[in-house]
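Student: sequence first, then the predicted structure, then my questions.
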Amino acid sequence: MKQWYEELFLNYADTYEKEIYTQGTLGEVDFIEKEINHDKNCRILDIGCGTGRHAIELTKRGYSVTGVDLSGSMIKKAMEKAETAGLNIDFQIADARNLPFEQEFDLAIMLCEGAFPLMETDEMNFEILKNAAKALKKDGKFIFTTLNGLFPLYHSVKEFIESNREDGSFDNSFDLMSFRNISNMEIEDDDGNLKVLECNERYYVPSEISWLLKTLNFSNIKIFGCKIGNFSRDDVLTTEDLEMLVIAEL
């Protein structure tokens, strides 16, 4: 049986590219370039690359990029786009929990929930971080975005306090014990078929992310708020940020 994230991306590449959260590529790549000081010798690994939007833009700007994704249909779309643009990019179907790379890259990126934190267990999510660390050279940098646990925590408690139910009950899809949000997502795939998927996503608070990265020997860990297409170290993380931007160095 396929997991919800596998089912989602079976036939979703064209629709994915129209989603609002995929429209900030240029600004996000501007930020990535700044973080690596525009060093064209920097080898980049794009984990959960989807249809290759960041990998393709970075390659256009002169960088060597390898893109990996679990979805064959997304990788197929990425390869088609690269070929149309006349670009030679190494796109591979690969599971972020078990990557074949070891100390090969100067930078790893994992943006827009490309893999982490969609996995069904915390252990699987940790394997993704571990594989990213393993793929990086000494002094490598890791830039990724993930779901901000402060957002649902704050709003769940706020809604609980404001709840006026006589029986004291409270409906909430966010589990305060596991920090997982379970919800139904209705989508229309590229062929117009409607699907209802039960999503199960893990939200993390900043202290968890810092601890997980420290166990993998990352240092200089910085966490910021995350705005689509407008990543910035000046963006302080708040309870209103659905995502957080994480930057760490080995």
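Tutor: On my side now, so go ahead. Numbers count the residues shown, from 1 in each chain.

Student: and residue 70, how close does it get to residue 139?
Tutor: Taking CB to CB, to the nearest Å as the measure, residue 70 and residue 139 are separated by 28 Å. C-betas here are computed from N, CA, C, even on glycine.

Student: between those two, point out the one with more neighbours.
Tutor: residue 70 (19 against 8; other CB atoms under 10 Å).

Student: mind listing what the residue nearest to residue 188 when sequence neighbours are not counted touches?
Tutor: Spatial nearest neighbour of residue 188, chain neighbours left out: residue 194 (5.5 Å); criterion: CB to CB, 6 or more residues apart in numbering. Applying CB atoms under 8 Å, 6 or more residues apart in numbering, we find residue 194 in contact with 186-188.

Student: for residue 194, give its distance to residue 113.
Tutor: 22 Å.

Student: what do you get for residue 63?
Tutor: In terms of CB to CB, residue 63 sits 23 Å off from residue 113.

Student: mind listing what's buried in the helix or strand bottoming out on mean pLDDT in the chain?
Tutor: Here the helix or strand of the chain ranked lowest by mean pLDDT, DSSP states H and E is helix 150-162, holding a mean of 79. Neighbour counts over helix 150-162 (16 or more other CB atoms under 10 Å) mark 150-153, 156 as buried.

Student: the following helix or strand past that helix packs against which elements?
Tutor: Scanning forward in sequence from helix 150-162 by DSSP states H and E, the next helix or strand is strand 174-175. Packing partners of strand 174-175 (3 or more CB pairs under 8 Å, 6 or more residues apart in numbering; DSSP states H and E): helix 150-162, strand 180-188.

Student: with respect to residue 202, which of the contacts of residue 194 is nearest?
Tutor: residue 187 (20.3 Å; CB to CB).

Student: low-confidence ranges in the protein?
Tutor: Across the chain, the ranges flagged by pLDDT under 70 are 160-172.

Student: helices of that one, start to end?
Tutor: With DSSP state H, the ranges of helices along the chain come out as 4-8, 13-16, 25-35, 53-60, 72-84, 122-135, 150-162, 206-215.

Student: those helices: which one's closest to residue 230?
Tutor: Closest to residue 230 of the helices of the chain, according to CB to CB: helix 25-35, at 5.3 Å.

Student: that closest one - contacts with which helices or strands?
Tutor: Against helix 25-35 (3+ CB pairs under 8 Å, 6+ apart) you get helix 53-60, strand 105-110, strand 136-147.
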